[in-house]
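A.B. asks: Sequence first, then the predicted structure:
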Amino acid sequence: MIRAAPGVEGSMAERRPYSLRAISRRHALAFLAELGALPLISACSGDGERPPPPDWVVDEPPSSGAPIPAFADAVDALLDVMLPAERGPDGALLSPGALEAGANGLLALDDFARLAAARGLLAPLSDDVLALLAQGSVAFRATLAAELDLLATWQRPLSGFRDLPRHLQEAAVDDGMGDDALRPLLEVARVAAFLAWLGAVRSDVGLVAIGYPPFEDHADGLAVSGYPRTTDGRLVDAETEDLGALAASGELDDYTYNQAPTPTAGLDLDDVLDARGDLY
C-alpha cells in the first residue's frame, strides 16, 4: 500500500487488502502515523517551515566518510544515495553525483516515468503508479518523500530520511526495494539518477567524471564536432595529414588513438570491421 502525501488525491491513497504474510514495517508505520502516534513525521518530511540546518555531523564512526550535505527534501537525499557525489573530509565536492548532473530536472518532467518505461528503462508500471503519475511530478515527488520518511522512521524514530546518516539511508532504501508497491517509485528515481549522469540530459558533468571531454556546446546538444582533431579543436583530414607526426608532437586529440584492434585468435577482423575500421 502506498500512501499519498498530505493533500495528494487519487487512487494511490486507496486502501488495498493486506496479504496473508506478516504486515510490513512500512504498513505498520503508516498505520501509527494515521493514528497520530508519530506526530512529528510530517515535520520531518520537509513540507513545513524548517530552520536553517546546523553544521552537519555524520552519526557514524569517524572513518566512514565526510559530513553529509543539507538536502532540500527526502527525494534529494534519495538521488544522492542512488548515485552519490564524492566529498572530501571537509564536505567539499570532489566528484559529482546525480544531483549535480541534474536528476531533479528529469523528475520534474510530468511524463518522465512513462517515457522511461516506454523506452525499456523501467518495468511496466502498475495502474496505481500510473494513477499517481497522472497527477503530475509534484504529486509524485510529495508521495515519494512521504514514503521515504516513513521508511526512515523505522531506522531512527521521528527522523526524516534526509536527516539520516548514509548507512541508515541505504538501509531504508533496501527496505523500500523489498516492498512491491513502493519499489517502482524508487526505481523511477534511480533511472532519473543514472540517466542524468550518463545521458548528459541537463549537464555533462557525469560524462566528464568518467573521462569524456566536456560538451563543446551543451545548450545546442553538440558533444564534439568530430575526430580526429588537434588538441585546440581543429579537425584533421586523415587522408592528407600525418596523424603519427601530430600524435608524436602531442597535438593529436583522437579518441580512437588511431590504433587497430588487437587480433583475437581464431577471429577474422574482416568479418566484424569494414574497410574504415568501423563495426559492421
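C.D. replies: In hand now; what should we look at?

A.B. asks: What's the separation between the closest residue to residue 84 other than its chain neighbours and residue 165?
C.D. replies: Counting by CB to CB, 6 or more residues apart in numbering, residue 97 is the residue found nearest to residue 84 once chain neighbours are left out, at 4.8 Å. Yep, even glycine has a C-beta here, placed from its N, CA and C like the rest. From residue 97 over to residue 165 the distance is 17 Å, taken as CB to CB, to the nearest Å.

A.B. asks: And these two? Which one has more around it.
C.D. replies: Neighbours per residue (other CB atoms under 10 Å) separate residue 97 from residue 165, with residue 97 holding more: 23 against 20.

A.B. asks: what pLDDT does residue 73 get?
C.D. replies: Taken from the predicted model, the pLDDT recorded for residue 73 is 91.

A.B. asks: Residue 264 now?
C.D. replies: Note for residue 264: predicted pLDDT of 72.

A.B. asks: pretty sure it belongs to a strand, no?
C.D. replies: No - checked against DSSP: H, G, I helix; E, B strand; the rest coil, residue 264 lies outside a strand; its state is coil.

A.B. asks: can you count the residues close to it?
C.D. replies: Number of residues near residue 264 (other CB under 10 Å) recorded here: 9.

A.B. asks: likewise residue 71?
C.D. replies: Residues lying near residue 71 (other CB under 10 Å) number 21.

A.B. asks: And residue 199, by the same measure?
C.D. replies: Other residues near residue 199 number 15, with proximity taken as other CB under 10 Å.

A.B. asks: now it: how far from residue 236?
C.D. replies: Using CB to CB, one gets 29 Å for the distance from residue 199 to residue 236.

A.B. asks: same deal with residue 180?
C.D. replies: In this structure, residue 180 lies at 55 Å from residue 236, with CB to CB as the measure.

A.B. asks: do residue 265 as well
C.D. replies: Here the distance between residue 265 and residue 236 works out to 34 Å (CB to CB).

A.B. asks: So between those two, which is more surrounded?
C.D. replies: It is residue 236, of residue 265 and residue 236, that has more neighbours when counted by other CB under 10 Å, with 19 against 4.

A.B. asks: excluding its backbone neighbours, what's nearest the more buried one?
C.D. replies: If you skip the residues right next to it in sequence, residue 236 has residue 228 as its closest partner in space, 4.7 Å away by CB to CB, 6+ apart.

A.B. asks: can I assume that neighbour is in contact with residue 238?
C.D. replies: Yes - Residue 228 is in contact with residue 238 according to CB atoms under 8 Å; the separation is 6.1 Å.

A.B. asks: any chance you could map the strands in the chain?
C.D. replies: Using DSSP state E, the strands found in the chain span residues 86-87, 93-95, 229-230, 252-253.

A.B. asks: Determine which stretch of the ones you listed is the most buried.
C.D. replies: By mean neighbour count, with neighbours taken as mean count of other CB atoms under 10 Å, strand 252-253 ranks first of those at a mean of 20.

A.B. asks: pLDDT averaged over that strand - what is it?
C.D. replies: Average pLDDT, strand 252-253: 81.
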